[in-house]
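Q: Following is a predicted model, sequence given first.
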Amino acid sequence: MSAATSAGTIAETGGARYLRHGRPLWRRGLLRTEAAIILAVILLLAIGTAVVPFFAQPYTYSTMILNSAPVLLMLLPVTLIVITGDIDLSVGSALGFSSAIFGLGFQAGVPIAVAAVLGVVAGAVVGILNGVLVTIVGLPSLAVTIGTLALFRGIAVGLLGTTAVTDFPQELTRPVSANLPGLPVPVVTLAIVLLAIVFGILLHFTPFGRGVFAIGLSPEAAAFSGVRVNRTRLILFVMSGVVAGATGVYYTLQYSNAIGTNGQGFELQVVTAIVLGGVSIWGGRGTLLGALAGGLLIAALNKTLQLAGIGSDTISIVTGAALIFSVVVASVAGFLSRRRRGKAAATPAVGA
């Protein structure tokens, strides 16, 4: 490839973006999806402050993070799954199944630490089943996780019925919903930041992460280059189940309520946040920062609509519309990008 061709082409390899030489630094930053989403979050919060009475209060931002924490936690491993070209739609049901097992264990007199471990193990079971069906049996992840979504939601509801376990000790439930000392920031923010760093390093700075991107670009080429494709995919599904299980324990303590319907609909918010954050639903492209920014945008949108008196049904419609919009935009952008690369490849290089 000539110098002229390489300088005029935008390439994406392993999730890294190589922009044209000579572009100002500020333009490089503003052109990134992550920056655009973060600016959208700031703009949305500014609109809420201007339009909704009493919006600009520390309590508003604290509860916004607290309410969105389950989605922000679960989208971390699911982002890696989507980058491989798979999807996990069972995370909400895994949360509910974990909550039900945790609640039943506590109700049966099991020490609460043991009950919490059982809740995490319940989530891991969902992840293992998903991974085995996708990687060993060879079923498509979309069909598998839709099936386990219904399966484990039904099991969770069947275990508890309409009865909720609510008598969790306050010495555990209060700290879960508390703020950091002297700050309007929930304690769970530390867990989100810590896990985001761990998954961010794993995805963007390790051979494992490069394998994740390679699988999304071409599983056959990834396998040929030495990536253990099925093992990587299995590990990711197990990670997703473990995080969903741990989130189920957290969610149960946050609301002091274990019931089989906990987490219902969270899978839609998780996928919407990931796609809205610039992660390709077809795999091979995206960043963890973008997915987190998408999650914050959904959280800010939900909070603004709630404080404006908009009903939950309308909020669900808006969330679904945001998902469709982000997929359409990603499809158009991908088509235009492929078309530009095709024209560049067909144009002879200068001096060739």
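A: All right, it came through fine. Note that the structure is predicted; figures quoted are calculated from it, not measured.

Q: I'd like to know which elements the strand or helix carrying Val198 is packed against.
A: Using DSSP states H and E, Val198 sits within helix 188-204. In terms of contacts (3 or more Cβ pairs under 8 Å, 6 or more residues apart in numbering; DSSP states H and E), helix 188-204 is packed against helix 58-83, helix 207-217, helix 229-255, helix 288-307. Every C-beta, even on glycine, is put in place using the N, C-alpha and C of the backbone.

Q: would you list those helices in TSV and tack on mean neighbour count?
A: Formatted as TSV, the helices and strands packed on helix 188-204 follow (neighbours: other Cβ atoms under 10 Å):
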stretch	mean neighbour count
helix 58-83	23
helix 207-217	22
helix 229-255	24
helix 288-307	23
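
Q: Any buried residues in the helix holding Val198, and which?
A: 188-189, 191-192, 195-196, 199-200, 202-204 (16 or more other Cβ atoms under 10 Å).

Q: angle of that helix against helix 58-83?
A: Interaxial angle, helix 188-204 versus helix 58-83 (axes from the mean of the first three to the mean of the last three Cα atoms, to 10 degrees): 20 degrees.

Q: Let's see helix 188-204 as CSV, backbone CA atoms only.
A: Extracted in CSV, the C-alpha atoms of helix 188-204 (Å, rounded to 0.1, in the frame of the first residue of the first chain):
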residue,chain,number,x,y,z
VAL,A,188,-22.0,1.3,44.0
THR,A,189,-20.2,3.8,41.7
LEU,A,190,-16.9,2.4,43.0
ALA,A,191,-17.9,-1.1,41.9
ILE,A,192,-18.9,0.2,38.5
VAL,A,193,-15.7,2.1,38.0
LEU,A,194,-13.6,-0.8,39.3
LEU,A,195,-15.3,-3.4,37.0
ALA,A,196,-15.1,-0.9,34.1
ILE,A,197,-11.4,-0.6,34.5
VAL,A,198,-11.0,-4.4,34.7
PHE,A,199,-13.1,-5.1,31.6
GLY,A,200,-11.6,-2.1,29.8
ILE,A,201,-8.0,-3.4,30.3
LEU,A,202,-9.1,-6.9,29.4
LEU,A,203,-10.8,-5.7,26.1
HIS,A,204,-8.4,-3.0,24.9
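
Q: how far does that helix sit from the chain's center?
A: 12 Å (Cα atoms, centre = their mean, to the nearest Å).

Q: Now for the buried residues of helix 188-204: which two are most distant?
A: Within the buried residues of helix 188-204, two members stand farthest from each other by Cβ to Cβ: Val188 and His204, at 23.6 Å.

Q: Thr173 - how many residues pack around it?
A: 17 (other Cβ atoms under 10 Å).

Q: Cross-check the contact I'm expecting between it and Asn257.
A: No: the criterion here is Cβ atoms under 8 Å, and Thr173 misses it with Asn257 at 9.6 Å.

Q: where's stretch 64-75 relative to the chain centroid, distance-wise?
A: With Cα atoms, centre = their mean, you get 9 Å for stretch 64-75.

Q: returning to that earlier point: and which of the buried residues of helix 188-204 is nearest Gly294?
A: For the buried residues of helix 188-204, the nearest to Gly294 is Ala196 (13.0 Å; Cβ to Cβ).

Q: So the closest one versus Ala69, what's the distance?
A: Between Ala196 and Ala69 the computed distance is 12 Å (Cβ to Cβ, to the nearest Å).

Q: With Val185 instead?
A: Counting by Cβ to Cβ, the gap from Val185 to Ala69 is 11 Å.

Q: burial of Val132, as a residue count?
A: 15.

Q: A strand includes it, no?
A: No: under DSSP: H, G, I helix; E, B strand; the rest coil, Val132 sits outside any strand and is assigned helix.

Q: For Leu89, list the residues it contacts.
A: 142, 145-146, 149, 267, 271 (Cβ atoms under 8 Å, 6 or more residues apart in numbering).

Q: Could you pick out which of those residues are located in helices?
A: Mapping these onto helices (DSSP state H) picks out 142, 145-146, 149, 267, 271.

Q: Pull out the buried residues from the residues you listed.
A: Applying 16+ other Cβ under 10 Å to the ones in helices among the contacts of Leu89 flags 145, 149, 267, 271 as buried.

Q: Where does the prediction get shaky in the chain?
A: Low-confidence segments of the chain, defined by pLDDT under 70, span residues 1-32, 326, 329-352.
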